[in-house]
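Novice: build the 3D model from these lines:
(2 chains)
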Amino acid sequence: MPQYVLYVEKNTFLHRLDPRTKVFLVVCVFIWSSVFNHPLYTGFVLLSVLSLVFLSRTFSQLKLFWFGLVSLALMSMILWPLFRRGGETHLATVFGVTFTMESVMYGVAVAFRLVAMVLSGLVLLTTTRIEELELAMTRLGLPYPIAFGFSAVFRFIPTMVGDGLTILAAQQARGVNIAGGNIFSRLRNSAAIIVPLFITTMRRFGDLPMAIESRGFVPLAKRSYYLSIKMRAVDFLGVAVLAFLAALSIYLRLNGFGVVFPDVI
Amino acid sequence: MRRIPKLVSYRPPPPPNLNAGEPAIVLEDLWFGYQKDEWVIKALSLVVKKGEMMGLIGQNGSGKTTLAQLVAGILRPVRGRVFVFGKDMTKYGVMIRGRDIGYIFQNPDYQIFSNTVRDEISYGLKAAGMSEKEVEARVKEVSEMLGVSKLLDEDPFFLTKADRQRIAVASILALNPRIIILDEPTTGLSPGETTALMDTVVKLNKLGTTIITITHDMWVVARYCDRVVLMADGKIVVDGPTRTVFSDIEFLEKYDIEVPTVVKLSRKLVGETYLTVEEFLEHVEFYKHGG
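Specialist: Model prediction:
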C-alpha cells in the first residue's frame, strides 16, 4: 500500500535534535517571519528553512506539497498588492488600480513568510515521530488531552492525504475532470473530492472516540512513557542561538529594519 | 458423531472453461514501487482475455491493488507497458483509461458525493455529455439491474454499506465500461449481500464485460471466477483455471490461501476438485439407506 506518512527515518542533525528544540525552532520561524515585512528579510528566513529541508534530506518527501506551496506564494504575490495600499514608488496602473513598488514588495514578503511558516511545520513533521511530538508537548507543560488531540490530528494528516488521492483517482475514473473547464465547473467538480473526503474523515473520526474509550482512555490519568527524550548540550546550544536570533529580530524590527510598511505586520 | 455416507460413484468435474478470446489487457514487464528501489511489482507480465472473469488473490501486501491500479491508470509503471484492447495506454492516466476501465473501490464512500442516488448514478453520464433522455434511460436500466430503483430519491450517505456499495457499482456500470475491476468489493458485506453483488457482476460478465476481482473470500473465487491469479511479493506465482489452481491445496497454504471446505472435502473423498457444494452434490453419489 502507498505510504503517505510524513516522517522519514534518517540519521541527520535535525532528526537527532530533541523534539522540543524543533518545536522551538518552528516558533522562532514564526517570530522571524512575522516581525519583518521586507522581502529580503523574509526571503532570508525562507532560505534558512529551505536549507533545513536539504539538511534533513526530506525534499522528495515533501513532493506532494511543493505545488501547494508555490500556489500559496503566487496567490499572496498577486493578491496582497491589491489590498495593501500605500507606498510612494509608482509602478503601474491597471484598470484604475495603482500598484506601488512597496505594495508589490509587501506581497512578495508575505508570500515568503507564509511558505516559511508552513515549511517549518512540515520540516518538524518529516523529522519527528508523532509520538515524540506528543511527548514533547506534554513535557512542555501542555495538558495531555490537548497534546493527544494534536497528535491525533497529525496522525490523521497522512491518512487524509491518502484518502484524498484515492478519492481523486476514483472520481477521475468516472469522468470527473477537476482541472478542466471554467472556474464554475471546477468549483462544482471539486465537490466530488471535498464531500467524500469530508464524509470519510467524519466517519473515521466518529469511530475514534469509541475505539479510544473502549480501551480505557482516561484523559487526565498519570502516565509513564516507554519513549524517552532528552535535551543534550547541542539542544541547549540550539535553543540559546534560536532565542538570541528571535530577540535580535524583534530588536531589528523595533529599530526600523526589515520593513516595507512600518505600521503593519 | 455421524459417519460420512458410503460413496457409490462420482463423475469428474467439467473441464476448465478456457477463454481463447482476444486480449483485453496485456501487461508487459511491469515494474513499480512507491519508494525508490523498493519494488512492489517486479517484472510482471499478464494477459487478460476479453470476457474473462478473473480472481486476483494473495496475501495483504502482495501487490494486488497496486497491480489493479496500474491497469486502471491510477498509478503509472516505472518500467513496462500496459495495453488495453490492443492500444498502448502506458502514458495515459485514469481519465482516459476510465472510458474503458471501471474501478470499484473497497470503500464506496470514496466515490459517493451527490445528494440523491439518482444524481450519483447520473453524474458520470452528464459529465460525458449525454442527453437528459439518454441519462434517464441509463439510470433506469442500471438501477433496475442492481436493485436500487426504489432508492433513487434517497440520500446515499444514510444508506447501509451494502446499498452504498451497490450505488458505487451502479455509478460505474452506468458508464458502460468494457472492463471492470472490483477491489475487495465484498468487504463488510454479509454472504447474502455478497452473493447479490456477485450475481450482478456475473450478469455483466455474460454480456461480455471483462471482470477482475480482488478478494480474500475464496468461496467467491471458487463460485464465480473462471481463472485465478495468485500474487506474492509483487510477482505472479500461479495463473490458471480456478479448478486447477485450487487443486494444489498444500501449495496454496504456503501463501496463506485457504480453499473452501468443499474443495478440501472433495479432494479427500474422491481426489477431484469440486468448487461449490452444488457441484459436489451433482457429481458425487452416496449410498442411501433403503435406496
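
Novice: for chain A, which spans come out with low pLDDT?
Specialist: Scanning chain A with the threshold set as pLDDT under 70 gives A:1-4, A:179-181.

Novice: show me which residues of it sit near chain B.
Specialist: Remark: the part of chain A in contact with chain B comprises A:1-3, A:163, A:166-167, A:169-177, A:191-192, A:195-196, A:199-200, A:203, using CB under 8 Å from any CB of the partner chain. In this view, the C-beta of every residue, glycine as well, is placed from N, C-alpha and C.

Novice: mind listing which of these are in helices?
Specialist: Secondary structure from DSSP state H places A:163, A:166-167, A:169-173, A:191-192, A:195-196, A:199-200, A:203 of the residues of chain A next to chain B in helices.

Novice: could you flag which of those residues are buried?
Specialist: Applying 16 or more other CB atoms under 10 Å in any protein chain shown to those, the neighbour count classes A:163, A:166-167, A:169-173, A:192, A:195-196, A:199-200 as buried.

Novice: could you dump these to JSON lines with distance to B:Leu30?
Specialist: Output for these, formatted as JSON lines (distance: CB to CB, whole Å):
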{"residue": "A:Asp163", "distance to B:Leu30": "26"}
{"residue": "A:Thr166", "distance to B:Leu30": "21"}
{"residue": "A:Ile167", "distance to B:Leu30": "25"}
{"residue": "A:Ala169", "distance to B:Leu30": "18"}
{"residue": "A:Ala170", "distance to B:Leu30": "22"}
{"residue": "A:Gln171", "distance to B:Leu30": "25"}
{"residue": "A:Gln172", "distance to B:Leu30": "21"}
{"residue": "A:Ala173", "distance to B:Leu30": "19"}
{"residue": "A:Ala192", "distance to B:Leu30": "29"}
{"residue": "A:Val195", "distance to B:Leu30": "34"}
{"residue": "A:Pro196", "distance to B:Leu30": "29"}
{"residue": "A:Ile199", "distance to B:Leu30": "34"}
{"residue": "A:Thr200", "distance to B:Leu30": "29"}
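
Novice: name the nearest of the residues you listed relative to B:Val228.
Specialist: A:Ala173 (24.9 Å; CB to CB).

Novice: can you list contacts of stretch A:72-86?
Specialist: Applying CB atoms under 8 Å, 6 or more residues apart in numbering or on different chains, the external contacts of stretch A:72-86 come out as A:97, A:99-100, A:102-104, A:106-108, A:110-112, A:114-115, A:118, A:261, A:264.

Novice: again, 6 Å this time
Specialist: With contact meaning CB atoms under 6 Å, 6 or more residues apart in numbering or on different chains, stretch A:72-86 is reached by A:Phe99, A:Ser103, A:Val104, A:Tyr106, A:Gly107, A:Val108, A:Val110, A:Ala111, A:Leu114, A:Val115.

Novice: other SSEs contacting the helix or strand harbouring B:Glu278?
Specialist: Per DSSP states H and E: B:Glu278 is located in helix B:277-283. When contacts are defined as 3 or more CB pairs under 6 Å, 6 or more residues apart in numbering or on different chains; DSSP states H and E, helix B:277-283 packs onto helix B:261-270.

Novice: now do the helix it packs on: distance to the chain's middle.
Specialist: 25 Å (CA atoms, centre = their mean, to the nearest Å).

Novice: how about residues contacting the helix holding B:Glu278?
Specialist: Around helix B:277-283, the neighbours that count as contacts under CB under 6 Å, 6+ apart are B:Tyr10, B:Arg11, B:Val262, B:Ser266, B:Tyr274.

Novice: buried sites along it?
Specialist: So, applying 16+ other CB under 10 Å, buried residues of helix B:277-283: B:Glu279, B:Phe280, B:His283.

Novice: average pLDDT across that helix?
Specialist: What helix B:277-283 shows for mean pLDDT is 91.

Novice: so after that helix, what's the next helix or strand?
Specialist: Next along the chain after helix B:277-283, taking DSSP H and E as the criterion, comes strand B:284-286.

Novice: element containing the spatially most central residue of chain B, please.
Specialist: With distances taken as CA atoms, centre = their mean, the residue of chain B nearest its centroid is B:Thr213 (1.8 Å). Per DSSP H and E: B:Thr213 is located in strand B:210-214.

Novice: what strands line up against that strand, and which way round?
Specialist: Sheet pairing for strand B:210-214, assigned by DSSP bridges, gives strand B:53-58 (parallel), strand B:179-183 (parallel).

Novice: dump the ones you listed to a markdown table, plus mean pLDDT and mean neighbour count.
Specialist: Below are the strands paired with strand B:210-214 laid out as a markdown table (pLDDT from 0 to 100; neighbours: other CB atoms under 10 Å in any protein chain shown):
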| stretch | mean pLDDT | mean neighbour count |
| --- | --- | --- |
| strand B:53-58 | 95 | 25 |
| strand B:179-183 | 93 | 23 |
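
Novice: what's the neighbour count on A:Val239?
Specialist: By other CB atoms under 10 Å in any protein chain shown, 18 other residues sit near A:Val239.

Novice: check which helix or strand covers it.
Specialist: In this assignment (DSSP H and E), A:Val239 forms part of helix A:233-254.

Novice: on that earlier part again, any idea of the pLDDT on the residue nearest to the centre of chain B?
Specialist: Per the predicted model, pLDDT is 95 at B:Thr213.

Novice: go on, B:His289?
Specialist: For B:His289, the model assigns a pLDDT of 67.

Novice: sorry, back to before: which residues touch the strand holding B:Thr213?
Specialist: B:24, B:50-56, B:64, B:68, B:179-184, B:201, B:205.
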